[in-house]
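[1] 3D, please:
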Amino acid sequence: MIIYTEENMGCAYSIDSEGTLFYTPMYQGGGIETQDWCDVDFDTMEDEYVQETKDIQNKLIFMMKSIGEYYQC
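    Below is the predicted model of the structure:
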């Protein structure tokens, strides 16, 4: 599992092999709970964060492709 942390947003992100984006909150000090992931719902997200979050998703897809773990449907 590849995890991308974004301290400005206070979350850590990961994707599955089909590109579904998940997040979990970061604790003070940078720790995360790796068992408590939620799907990112772009439809309910504030507009100011949508593009930044999609950029994170694209970075994760690139990383997953580079190790052969991303399977686009």
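[2] which residues touch residue 34?
    Residue 34 makes contact with 1, 3, 24, according to C-beta atoms under 8 Å, 6 or more residues apart in numbering. (C-beta placed from N, C-alpha, C; glycine too.)
[3] Inside helices: which ones of the residues you listed?
    Of the contacts of residue 34, none are assigned to helices by DSSP state H.
[4] Tell me which of these has the lowest pLDDT.
    In terms of pLDDT, the lowest of the contacts of residue 34 is residue 1, showing 83.
[5] Which residue is the nearest non-sequential neighbour of it?
    Of all residues not flanking residue 1 in the chain, residue 14 sits nearest, at 5.6 Å (C-beta to C-beta, 6 or more residues apart in numbering).
[6] quick one: the one you found from residue 48, how far?
    To residue 48, residue 14 is 22 Å away according to C-beta to C-beta, to the nearest Å.
[7] Could you do residue 68 as well?
    34 Å.
[8] Figure out how far stretch 52-64 is from the centre of its chain.
    Taking C-alpha atoms, centre = their mean, to the nearest Å, one finds the center of stretch 52-64 at 7 Å from the center of the full chain.
[9] list the buried ones in it?
    Across stretch 52-64, burial judged by 16 or more other C-beta atoms under 10 Å covers 53, 56-57, 60-61, 64.
[10] Quick one: list the elements packing against the helix or strand containing residue 62.
    Using DSSP states H and E, residue 62 sits in helix 47-66. The contact analysis (3 or more C-beta pairs under 8 Å, 6 or more residues apart in numbering; DSSP states H and E) places helix 47-66 against strand 4-6, strand 11-15, strand 21-25.
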